[in-house]
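> Could you look at this predicted model? Sequence included:
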Number of protein chains: 2
Amino acid sequence: MNFDLKTYLKEQQDVVNKHLDNILLQFNNQNQLIQAMAHSLMAGGKRLRPILTMAAALACKKEYSPALPAACAIEMIHTYSLIHDDLPAMDDDDLRRGLPTCHNKFGESTAILAGDALLTHAFNILAEPQILFNKYPDIQKRLQLIAKISKAAGIKGMVQGQILDMQADQGENLSEHSKLKHLEKIHTLKTGKMIIVSVEAGALSVGADQKLIDKLNIYAGKIGLAFQVADDILNIEGDPVKMGKAAGSDIINNKMTFPGIIGLDESKKYANNLIDDAIKAISRFDESAQPLRSIARYIINRDH
Amino acid sequence: MNFDLKTYLKEQQDVVNKHLDNILLQFNNQNQLIQAMAHSLMAGGKRLRPILTMAAALACKKEYSPALPAACAIEMIHTYSLIHDDLPAMDDDDLRRGLPTCHNKFGESTAILAGDALLTHAFNILAEPQILFNKYPDIQKRLQLIAKISKAAGIKGMVQGQILDMQADQGENLSEHSKLKHLEKIHTLKTGKMIIVSVEAGALSVGADQKLIDKLNIYAGKIGLAFQVADDILNIEGDPVKMGKAAGSDIINNKMTFPGIIGLDESKKYANNLIDDAIKAISRFDESAQPLRSIARYIINRDH
């Protein structure tokens, strides 16, 4: 069959961008808070999470429209997490996606508040139907989406992962095996749970059966971890221009990474195995799952 | 009739504290994130917002239990806003309620994340029934609560108010009337909308009629503004020991305040009139609204 991932990604990015743009257009764009939110939200990210949401909906029910509210909410939460992670008190990054970070351009206090507003509004989008979405899941599903997404983003998910990540240079006395387990735990919390919920939210939005959701959860767990291994590899081998940030920062910052623990070659093998497992988990899906399969490969072959 | 506000407030504070405590007890208390959240959440606040939620439920349907999830969610959002407002990049406060602020005790990055986690988990509590609450509103009402609360806390509510508050020393060329309007706008956004939604959430949680909700919204708008006028007065006349922070900080920080614009006597008159109007708005309610009436008076007669 003829599936062109590049065209698919571009089309889906455009769909996400248009809807995110429309969300912000409901507010006064002369307002500093809106400008700071827009600066980070519309900075040209890959839109991996919302595209996974739409691709999962497509794989289950051959339509993605009902998954768009969840897709946008998830991208807003992802963007809030980047804004807060970049703050001087956290990673203190000046650049993100080749642009000044939010606090670099708008000041620290506005950046903190822009993150807060993105997080808050993400839940508003799922709770309160907006005319800019054609389709909405029913109220029971929307409540379920809020429950799942707030769990993945919160105390036992993304926020906890960020806390552990900041303490992670303390693992120097651990064995290689323990280090690897600890690193996987951090990534499962920091990025894995949000990637899993991105996929699950798509399936939930179109009312998929639990059997399909179970398979998708395996798929998502594998690609989430592979994504992080690939990130660590890119940090060593990537082109700083394409990544929009300097390479080698993990080594400079003494960060715990997969190549740092098991070596570069083993890391590549590990990432490949994870992707093989991910694709195997959804082998029973028909050709509507082609985007999910291609995205899995793309995750470890991307250049930024 | 015999209504003792002091006893009522103490009882309701205990109910709120017990439930907030139980929410945190679901998680590992050795965890730094949980410790930082608990430090600020259990720091002995007045619990004004959740008590308003419960009192509004009582006034409408003579029971407050179904309003407890919303009450706790609102207090968690209030606490997150205090943690972020206290940050060095914002108001840079060392003390809050007589204790070290969250960043002062746990560091800036953990404080930012503790705020993020409280905000995120507030929505989880409304979306995902927890065994620690006996009663829950039905799913339609819970979705409505999330919609209303996320709106009041977000772009056109609390977060926007904080942005405007930080820019508020720029009003020096305005007339007295314009200054007053601007100050009221800031307070309506920064604290008013959350106080209004606190009252409304109580009524919604027990399925009150829209007619009652309309009256309660007038009540809440008036007491919200009166609360802020009273805060400005306390900042001049209050006892630093009871307030847990230094008096006179508004003058030192050159903040726009009600006494600063219309004088201390006029501010007191203004606050009294607002409370009279608030109580008049709920005059048709029966004796179950006695807590709401007494709280209104307390708001301008409190000493901290």
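All right, it came through fine. Numbering: from 1, shown residues only, chains lettered A, B, ... in the order given.
> for stretch A:147-165, which positions count as buried?
A:147-165 (16 or more other CB atoms under 10 Å in any protein chain shown). C-betas here are computed from N, CA, C, even on glycine.
> dump the residue contacts of the residue in the stretch 151-300 of chain A that chain B sits nearest to.
Residue of the stretch 151-300 of chain A nearest chain B, by CB to the nearest CB: A:Gly154 (3.9 Å). With contact taken as CB atoms under 8 Å, 6 or more residues apart in numbering or on different chains, A:Gly154 is in contact with A:Gln160, B:Ala117, B:Thr120, B:His121, B:Asn124.
> quick one on the thing from earlier: can you tell me which of the buried residues of stretch A:147-165 are in strands?
Among the buried residues of stretch A:147-165, no residue falls in strands (DSSP state E).
> wait, what's in contact with A:Asp277?
A:Ile218, A:Lys222.
> List the buried residues in the host helix or strand of it.
For A:Asp277, the element it lies in under DSSP states H and E is helix A:264-281. For helix A:264-281, burial by neighbour count (16+ other CB under 10 Å) applies to A:Ser267, A:Lys268, A:Tyr270, A:Ala271, A:Leu274, A:Ile275, A:Asp277, A:Ala278, A:Ile279, A:Ala281.
> in whatever helix or strand comes next after it, what counts as buried?
The helix or strand immediately downstream of helix A:264-281 is helix A:290-301, counting by DSSP H and E. For helix A:290-301, a neighbour-count test (16+ other CB under 10 Å) marks A:Gln290, A:Pro291, A:Leu292, A:Arg293, A:Ser294, A:Ile295, A:Ala296, A:Arg297, A:Tyr298, A:Ile299, A:Ile300 as buried.
> Dump those residues into a markdown table; add pLDDT and distance to A:Val16 as well.
What follows is those, written out as a markdown table (pLDDT from 0 to 100; distance: CB to CB, whole Å):
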| residue | pLDDT | distance to A:Val16 |
| --- | --- | --- |
| A:Gln290 | 97 | 19 |
| A:Pro291 | 98 | 14 |
| A:Leu292 | 98 | 16 |
| A:Arg293 | 98 | 20 |
| A:Ser294 | 97 | 17 |
| A:Ile295 | 98 | 14 |
| A:Ala296 | 97 | 19 |
| A:Arg297 | 96 | 21 |
| A:Tyr298 | 96 | 16 |
| A:Ile299 | 94 | 17 |
| A:Ile300 | 92 | 22 |
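> Name the SS class of A:Ala122, please.
Of the three states, A:Ala122 takes helix under DSSP: H, G, I helix; E, B strand; the rest coil.
> any idea how far it is from chain B?
8 Å (CB to the nearest CB, to the nearest Å).
> which residues does that residue contact?
The contact partners of A:Ala122, taken as CB under 8 Å, 6+ apart, are A:Cys72, A:Ala73, A:Ile74, A:Met76, A:Ile77, A:Tyr80, A:Ile149.
> Does the first one fall in a helix, a strand, or a coil region?
The one in question is A:Cys72. helix.
> to the chain's geometric centre, what's the distance from the helix holding A:Asp277?
In terms of CA atoms, centre = their mean, to the nearest Å, the centre of helix A:264-281 is found 19 Å from the chain centre.
> Quick one: mean pLDDT for it?
Mean pLDDT, computed over helix A:264-281, is 97.
> quick check, stretch A:73-91 touching chain B?
Yes. Contact between stretch A:73-91 and chain B is present through A:Tyr80, A:His84, A:Leu87, A:Ala89, A:Met90 (criterion: CB under 8 Å from any CB of the partner chain).
> which residues of the stretch 51-200 of chain A fall in strands?
Ranges of strands within the stretch 51-200 of chain A are A:95-96, A:99-100, based on DSSP state E, counting those that start in this stretch.
> Adding mean neighbour count, write those strands out as TSV.
Converted to TSV, those look like this (neighbours: other CB atoms under 10 Å in any protein chain shown):
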stretch	mean neighbour count
strand A:95-96	18
strand A:99-100	15
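> To B:His182, which of these lies closest?
Taking CB to CB, strand A:99-100 is the member of the strands of the stretch 51-200 of chain A nearest to B:His182, at 30.2 Å.
> Partner strands of the closest one and their direction?
Taking DSSP bridges as the criterion, strand A:99-100 sits next to strand A:95-96 (antiparallel) in its sheet.
> Go ahead and measure how far the partner strand is from the middle of the chain.
Centre to centre, stretch against its chain (CA atoms, centre = their mean), the figure for strand A:95-96 is 17 Å.
> can you tell me the average pLDDT over that strand?
On average, strand A:95-96 scores 90.
> close enough to count as contact, A:Leu189 and A:Ile155?
No. Using CB atoms under 8 Å, A:Leu189 is not in contact with A:Ile155; the gap is 10.0 Å.
> Read off the pLDDT value for A:Asn303.
Careful, residue A:303 is Asp; it's not Asn. Predicted confidence (pLDDT) for A:Asp303: 78.
> before we move on, the earlier item: excluding sequence neighbours, find me the nearest residue to the residue of the stretch 151-300 of chain A closest to chain B.
B:Thr120 (3.9 Å; CB to CB, 6 or more residues apart in numbering or on different chains).
> Return the distance of the one you found relative to B:Ser283.
40 Å (CB to CB, to the nearest Å).
> Who has more neighbours out of the two?
B:Thr120 (27 against 9; other CB atoms under 10 Å in any protein chain shown).
> what's the weakest-modelled helix or strand in chain A?
When the helices and strands of chain A are scored by mean pLDDT, DSSP states H and E, helix A:240-243 comes last with a mean of 71.
> What mean pLDDT does the very next helix or strand once past that one get?
Using DSSP H and E, the helix or strand that follows helix A:240-243 in sequence is helix A:249-252. For helix A:249-252, mean pLDDT rounds to 76.
> same for helix A:249-252, what does it pack against?
helix A:210-237 (3 or more CB pairs under 8 Å, 6 or more residues apart in numbering or on different chains; DSSP states H and E).
> residues of the helix it packs on that come out buried?
Under the neighbour-count criterion of 16+ other CB under 10 Å, helix A:210-237 has A:212-213, A:215-235 buried.
> For the closest residue in space to A:Tyr8 that isn't next to it in sequence, give me its contacts.
Spatial nearest neighbour of A:Tyr8, chain neighbours left out: A:Pro291 (5.7 Å); criterion: CB to CB, 6+ apart. Counting by CB under 8 Å, 6+ apart, A:Pro291 touches A:Phe3, A:Leu5, A:Tyr8, A:Ile51, A:Ala55, A:Leu58, A:Ala59.
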